[in-house]
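# sequence first, then the predicted structure:
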Amino acid sequence: MNPIISVVIPAFNEEKSIGKVVADIDRNLVKYVIVVNNNSTDNTIDIAKKAGAIVLDEPNKGYGWACLKGIEKTKELNTDIVVFLDGDYSDYPQEIENVVAPILNNGMDMVIGSRTLGKSEKGSLTPQQVFGNWLATRLIRIFYGASFTDLGPFRAIKASVLDDLEMSDKTYGWTIEMQIKAVNKKYEFQEVAVNYKKRIGVSKVSGTVKGTLFAGIKIIFTVFKYRF
């Protein structure tokens, strides 16, 4: 029996991209596509529904809030593997097969899609994103002894492992919290190369000074929070 794979896509004002993201997901591989509407003021909800996604509402703004809402639904759907994917069409949904392969074939617990190992379209990663990833992964190596190259949002994890991690971050620290907790609990992880292109629209994090500043602070805080 094939494992049940669910994709969780947080979305805030992604009407220009969300339909493309959902449409590009291989439904022979993925059983459920869950779009979590995070206070959008555009047509994200209608477009996601028309594309065939399950749409949930999470009124509390924040990437982590949206992911937590999606996780609740994956439990109801008896999901075995949860994939997280952005709704801005910067990732390639067609690569989900590559991201889940180490779990399906090699028994990995968590897989991070690394944009650093893959090919990134020129201008798709801002200088602050590149530096932030470098700094965060270096701190993880220094304080936790684990080697990552990216905090990329495109990732897959066993549902049982995700449940055990007891994720709690509501905003910018979500991805690094997952990686640090997985390392602390000695779960097996792997990175795979994923490609990356310019997103549709403006990033809510790296596209603003406020977002960049708060994300940087939160990431550094999270590194030390679980170390001491």
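That came through, no problem. Numbers count the residues shown, from 1 in each chain.
# over to the nearest residue to residue 154 once chain neighbours are set aside: give its phi and psi.
Spatial nearest neighbour of residue 154, excluding adjacent residues (CB to CB, 6 or more residues apart in numbering): residue 113 at 3.5 Å. The C-beta positions use only the backbone N, C-alpha and C, and glycine is treated the same way. Note on residue 113: backbone dihedrals following degrees, to the nearest 10 are phi -80, psi 110.
# hey, what's residue 113 bridged with?
When assigned by DSSP bridges, residue 113 has beta-bridge partners residue 192.
# same deal with residue 33?
Here residue 33 shows beta-bridge partners residue 7, assigned using DSSP bridges.
# in this structure it contacts residue 25, no?
Yes: counting by CB atoms under 8 Å, residue 33 touches residue 25, with 5.6 Å between them.
# now the common contact residues for these two.
residue 7 (CB atoms under 8 Å, 6 or more residues apart in numbering).
# so which of those two has more stuff around it?
Taking other CB atoms under 10 Å, residue 33 and residue 25 do not tie; residue 33 has more neighbours (24 against 21).
# tell me the confidence at the more buried one?
Here the pLDDT value assigned to residue 33 is 98.
# what ranges does this structure have for its strands?
Taking DSSP state E as the test, the strands found in the chain are 5-11, 32-37, 54-57, 81-84, 110-114, 155-158, 189-193.
# which among these is found nearest to residue 213?
strand 5-11 (20.5 Å; CB to CB).
# name the helices or strands packed onto that closest one?
Judged by 3 or more CB pairs under 8 Å, 6 or more residues apart in numbering; DSSP states H and E, the packing partners of strand 5-11 are helix 18-23, strand 32-37, helix 63-76, strand 81-84, helix 96-106.
# again, only this time at 7 Å
Applying 3 or more CB pairs under 7 Å, 6 or more residues apart in numbering; DSSP states H and E, we find strand 5-11 packed against strand 32-37, helix 63-76, strand 81-84.
# figure out which of those is closest to residue 180.
The nearest among the helices and strands packed on strand 5-11, by CB to CB, is helix 63-76 at 14.0 Å.
# all set, thanks.
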